[in-house]
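*Asks:* Structure for the following, please:
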Amino acid sequence: MLWRSYNEATLYASPVVENNVVYTTKGAVSAITGKQIWTINGYKCCAVEDGYYYTNYNDPSDDTCHFAALDVNTGKILWQKKLNGQASSPAIADGKLFITDLYSPSVLALDAYTGDTIWESETTVEVYLPPVVWGDFVYVSGLGESFLYGTRSVYCIEASSGRTVWNQTVEGFPTAPAVAYGCVYVGTGEGYMYAFDALTGAKKWVCGVVCSDGGIEFSPVVASGAIFFGASDGHLYALNATSGVELWRYEIGRLGSLYASLAIANGCIYIGSCSSKLMALGFSSEEGVSSVAGSPVDVPSKAELAGLFLSAGTILIGLGSFGSSKTG
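*Replies:* Numbers count the residues shown, from 1 in each chain. So this is what the prediction gives:
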């Protein structure tokens with residue numbers, strides 16, 4: 001282990017690395033030493049772009065949630081915007097921030113440098129998961145009239161105007177979308193993986209994954225003509241991205257349910273599980289897992305894996321009560 005940076009607060013977002021600095025929802029630390037550079041009481045999202053750091057921030061002056069932009073070097077707040085709830089992690093493109101707002105059925109486009117609202121697109125259901133930008137379109141999953149019930153939908157919104165281009169319903173609580181090969185891929189808590197045409201919204205295919213305990217909880221990763229995702233039944237799945245045909249599945253064993261998105265690099269799939277294990281698998285899209293790169297690595301007990309980030313041969317891990325890194 002290179003270093004561990006302790007923070008008493010929960011880190012519920014993937015870390016971001018830029019210019020040898022690691023940014024989390026709680027501030028910035030040196031990627032080389034793990035030394036804290038500056039702190040903030042942020043939560044639920046973390047993004048860095050063009051000298052700006054973005055997160056949700058609880059303003060102590062009125063004890064309400066704001067979406068804030070900070071200077072990446074100093075942690076000074078440059079602007080903040082009050083929301084109805086908490087913002088998702090933003091998608092950033094062409095000087096715009098695209099965010100969703102918990103308790104507000106809408107997607108917002110903000111000026112990345114001033115925080116001014118460019119447009120607000122209303123949806124018929126609550127949207128909170130992170131949006132994805134592809135070309136001139138923003139894609140986001142809708143959770144329903146509430147977290148417990150209602151119509152689950154996937155939306156395509158024009159990035160320049162906020163106009164809704166199409167929306168499609170899905171069965172089960174949806175993941176955040178992934179976009180590749182002209183398709184939008186969304187998994188659901190009922191164990192379905194959907195593919196929609198990115199331009200028209202036409203359903204290309206749907207694949208039902210047999211999950212005896214829950215379903216697909218986090219967004220898939222698309223690479224090498226295949227879709228990869230973990231499910232709460234403890235399996236890693238690969239589907240053909242064009243047809244939806246299952247290519248293979250791999251049982252992780254007693255590592256526990258897979259509740260985090262995967263990371264793929266250097267011919268390996270990196271996986272974090274609910275039992276606080278981290279492992280790397282050698283694989284091929286067509287033939288499946290070919291090797292297990294060493295033994296699973298234990299992360300601190302009672303800590304939840306909040307996200308993975310790969311940088312310069314190092315795996316950075318966001319944990320529920322710690323931040324740590326492990327060379328691989």
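
*Asks:* and the closest residue to Lys76 other than its chain neighbours, how many neighbours does it have?
*Replies:* Of all residues not flanking Lys76 in the chain, Leu70 sits nearest, at 6.3 Å (C-beta to C-beta, 6 or more residues apart in numbering). Every residue, glycine included, has its C-beta placed from N, CA and C. If you count neighbours by other C-beta atoms under 10 Å, Leu70 ends up with 25.

*Asks:* residues in contact with Leu70?
*Replies:* When contacts are counted by C-beta atoms under 8 Å, 6 or more residues apart in numbering, Leu70 touches 40, 52-55, 76-78.

*Asks:* 10 Å instead?
*Replies:* 23, 27-28, 38, 40, 42, 48, 51-55, 57, 76-80 (C-beta atoms under 10 Å, 6 or more residues apart in numbering).

*Asks:* now swap in Phe228 and tell me
*Replies:* Here Phe228 is in contact with 178, 220-222, 236-239, 241, 247, 261-262, 264, 269, 271, 283, 285 (criterion: C-beta under 10 Å, 6+ apart).

*Asks:* from the residues you listed, which ones fall inside strands?
*Replies:* Mapping those onto strands (DSSP state E) picks out 178, 221-222, 236-239, 247, 264, 269, 271, 283.

*Asks:* Make CSV from these and add pLDDT to it.
*Replies:* Output for these, formatted as CSV (pLDDT from 0 to 100):
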residue, pLDDT
Ala178, 96
Val221, 91
Val222, 93
Leu236, 84
Tyr237, 88
Ala238, 90
Leu239, 93
Leu247, 90
Ile264, 81
Ile269, 79
Ile271, 73
Phe283, 74
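
*Asks:* Ramachandran coordinates for the nearest residue to Thr123 once chain neighbours are set aside?
*Replies:* In this structure, Thr123 finds its nearest non-sequential neighbour in Pro105, 4.8 Å apart by C-beta to C-beta, 6+ apart. With angles defined as degrees, to the nearest 10, Pro105 sits at phi -70, psi 70.

*Asks:* show me what contacts Pro105?
*Replies:* Counting by C-beta under 10 Å, 6+ apart, Pro105 makes contact with 84, 121-128, 142-143, 145.

*Asks:* got the CA coordinates for stretch 51-62 in CSV?
*Replies:* This file holds the C-alpha atoms of stretch 51-62, laid out as CSV (Å, rounded to 0.1, in the frame of the first residue of the first chain):
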residue,chain,number,x,y,z
GLY,A,51,-9.3,24.5,-12.8
TYR,A,52,-12.7,24.0,-11.1
TYR,A,53,-13.8,21.4,-8.6
TYR,A,54,-17.5,20.7,-8.3
THR,A,55,-19.4,19.1,-5.4
ASN,A,56,-22.5,19.3,-3.2
TYR,A,57,-21.8,21.6,-0.3
ASN,A,58,-23.8,22.2,2.9
ASP,A,59,-23.7,26.0,3.5
PRO,A,60,-23.3,26.6,7.2
SER,A,61,-24.9,30.0,7.0
ASP,A,62,-28.4,28.5,6.2
